[in-house]
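Undergrad: here is the input, now give the coordinates:
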Amino acid sequence: MNTSKRVMIILGIVIILAFVVMMIVESVSKKTLEFEPLDAQLEILDKTYANWFGQKVDVQGQDIGQQVICDWMNYSALAAAGEDGWRDASDKFNANAMELVTRNNIQIDYWASQEAFEELYALYDGQDGKRAEILKKCGELEPELEKHIDTGVQKFHELAVREGFVNDSGKLIAEKKRIVQLLHRHLWVSVASRQFPRERLEPPEERLTFFRWQIEQSSLSDEVKLEKLMHSEATEHLPYDYAFAKAVILVRGHKYWDACQVIQEALSTAEESDKLRIERYHLVIKEIKSADSKACQ
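TA: All right, here's what the predicted structure looks like:
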């Protein structure tokens, strides 16, 4: 075997060993007390939407559908800006949404929300000509829209900056579009549920996804997140590991003793069959102890 081949073999072995070591280090260094990405949750939500609402419907192909979309443009701009008239705009939106559903079915309300979102997202993202296109379509239906559409965009961008939806150039980050859509859906459902049963508009998976975003990724303070966790645990009973979420937030605030109390209590009431959760709690306690040896005494 010549020298060059021998060097290549040795180099290959070194690369493989380095890769193995890197994987081991990554596995060891990965913390238990961290929230998982929302990717898997969003995939579940996509499948749920398909089962709940069926195939896409052309909402704006109907005059009443176009009216509902323009009503929403007007309402969302007024509400974001906090300007007078948003309550009347909300009532008008709901009245026309009822007409749209009456002529079609309850599923069309979801597709109306999707079409409204795509229009607004293009506007927020600064797509060329989108503002003019919206005003042309909605000018006669909502003549006041032009007065506050820009304020609505400005308020959205303030939210987007706060939540990390924009890059250094001020453009919306494409990977965050699903989260922006989730927030839009939450507002839409909150308004539409004043006249339709919320359980017909919002799948449980959607409510859980939005709640997870609020707790795990949003800019809400830790105090507010803990309050939301306690309220939801007492009233909503979502399929969510409340104890783990509390522990993550408490440890983040260096409240190790409180975090350990939460996990120990959850561990004492966990079902014996829930082995994965029990194992997780033991790992959490171990990690808390490594940060503060007296926390779990």
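
Undergrad: show me the strands in the stretch 51-200 of the chain, by range?
TA: Taking DSSP state E, counting those that start in this stretch, the stretch 51-200 of the chain contains no strands at all.

Undergrad: tell me the helices in it, going along the chain?
TA: 63-81, 86-103, 108-124, 130-138, 145-163, 177-192, 198-201 (DSSP state H, counting those that start in this stretch).

Undergrad: out of those, which is closest to M230?
TA: Closest approach to M230 among these is made by helix 177-192 (20.2 Å; CB to CB). No exception for glycine: its C-beta is placed from N, CA and C like everyone else's.

Undergrad: so where is the stretch 151-297 of the chain shaky, pLDDT-wise?
TA: Judged against pLDDT under 70, the stretch 151-297 of the chain has no low-scoring part.

Undergrad: still on that earlier bit, which of the helices of the stretch 51-200 of the chain sits closest to Q297?
TA: helix 145-163 (38.8 Å).

Undergrad: and the closest one, what does it pack against?
TA: With contacts defined as 3 or more CB pairs under 8 Å, 6 or more residues apart in numbering; DSSP states H and E, helix 145-163 has these neighbours: helix 63-81, helix 108-124, helix 130-138.

Undergrad: what helices or strands is the second one leaning on?
TA: By that I understand helix 108-124. helix 39-53, helix 63-81, helix 86-103, helix 130-138, helix 145-163, helix 177-192.

Undergrad: just to revisit the earlier point, among the helices and strands packed on helix 145-163, which is the most enclosed?
TA: With neighbours taken as mean count of other CB atoms under 10 Å, the helices and strands packed on helix 145-163 reach their highest mean count in helix 63-81, at a mean of 23.

Undergrad: what does that one contact?
TA: 58-60, 84-86, 89-90, 92-93, 96-97, 99-100, 103, 108, 112, 115-116, 119-120, 134, 137-138, 141-142, 144-145, 148-149, 151-153, 155-156, 187-188, 191 (CB atoms under 8 Å, 6 or more residues apart in numbering).

Undergrad: 7 Å instead, please
TA: Residues lying outside helix 63-81 but in contact with it, judged by CB atoms under 7 Å, 6 or more residues apart in numbering, are 59-60, 85-86, 89-90, 92-93, 96-97, 99-100, 103, 112, 115-116, 119-120, 134, 137-138, 141-142, 144-145, 148-149, 151-152, 155-156.

Undergrad: just the buried ones from those residues?
TA: Neighbour-count burial (16 or more other CB atoms under 10 Å) is assigned, among these, to 59-60, 85-86, 89-90, 92-93, 96-97, 100, 112, 115-116, 119-120, 134, 137-138, 141-142, 145, 148-149, 152, 155-156.

Undergrad: about what we covered before: distance to K225 for the helices and strands packed on helix 108-124 - can I get that in CSV?
TA: Formatted as CSV, the helices and strands packed on helix 108-124 follow (distance: least, CB to CB, whole Å):
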stretch, distance to K225
helix 39-53, 17
helix 63-81, 23
helix 86-103, 27
helix 130-138, 35
helix 145-163, 14
helix 177-192, 16
